[in-house]
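Asker: Model the following, please.
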Amino acid sequence: MKKLLLITFLSLVVMANAQKELPKTAQDISPLLIGEKVPALSLLSSEGKKVQLLDLLQQQKTILVFYRGGWCPYCNVQLAALGQSEQELLGLGYQIVAVSPDAPAAMKVTDEKEKLNYLLLSDSKGELSRAMGLAFQAPENYKPIITKGSEGINATFLPVPAVFFVGTNGLIQFEHINPDYKSRISTNLLLAVAKVLP
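Answerer: I've put the predicted structure just below:
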């Protein structure tokens, strides 16, 4: 009987650890789907202030963007394009919120460099990226870069770049996710979606 209990206990431990493991590649992720709710988590702004995500989302319709970090040139191009479209998106009733594993200080550098007016949030622990199903194991060659960007908090994961349109109820209305980090949603498609969603 003791052996059976021990085997059962060990099986449960193995299963629990397996659930904590990140997907090995960007292609292995299982993101939240349209109609699912964004998790109620808190993140840090570039000023280091705690922001309750669901409280923020309840204020107005949101374009929630996940990017890899200020060190990524493809991400910076996307952030700048969002900045150029921001006035039109604001006119359509949206706010832009961008999330990355970077620490607040690194986000502040990105904010100033790209001259962004919208909110950047730090997810250095990866709680939101994991909960959204976007986090995967960072390749070895990225680990020094992401460790530096997160001020030592993150050395294990990257988020797949993604864009979610989220209603004030916190539900996902549209998403664009591509495991190829070089491929991002076009500004034309982004604006088209913003115009047709309620």
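
Asker: so how far is Q87 from the residue most central in space within the chain?
Answerer: Residue closest to the mean C-alpha point of the chain, counted by Cα atoms, centre = their mean, is F66 at 3.3 Å. Counting by Cβ to Cβ, to the nearest Å, the gap from F66 to Q87 is 23 Å. Using the backbone N, CA and C atoms, a C-beta is placed for each residue, glycine as well.

Asker: again, but for A131
Answerer: According to Cβ to Cβ, A131 stands 31 Å off from Q87.

Asker: go on, D28?
Answerer: 38 Å.

Asker: follow-up on the earlier one: what values do phi and psi take at the residue nearest to the centre of the chain?
Answerer: The phi/psi pair for F66 (degrees, to the nearest 10) reads phi -110, psi 130.

Asker: chain center to stretch 149-168: distance?
Answerer: The chain centroid and the centroid of stretch 149-168 are separated by 3 Å under Cα atoms, centre = their mean, to the nearest Å.

Asker: Buried residues of that stretch, list them for me.
Answerer: Residues 149-150, 153-154, 157-167 are the ones in stretch 149-168 that count as buried (16 or more other Cβ atoms under 10 Å).

Asker: so where's the chain uncertain?
Answerer: The model of the chain has pLDDT under 70 over residues 1-20.

Asker: where along it do the helices fall?
Answerer: For the chain, helices defined by DSSP state H occupy the ranges 2-20, 53-59, 73-91, 104-114, 127-131, 143-149, 187-196.

Asker: would you list the ones you listed in TSV and tack on distance to P39?
Answerer: As requested, the helices of the chain are arranged in TSV below (distance: least, Cβ to Cβ, whole Å):
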stretch	distance to P39
helix 2-20	16
helix 53-59	7
helix 73-91	22
helix 104-114	20
helix 127-131	4
helix 143-149	22
helix 187-196	22
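
Asker: among those helices, which is nearest L32?
Answerer: Comparing these against L32 with Cβ to Cβ, the closest turns out to be helix 127-131 (8.0 Å).

Asker: how far is that closest one from where the chain is centred?
Answerer: Distance, centroid of helix 127-131 to centroid of chain: 7 Å (Cα atoms, centre = their mean).
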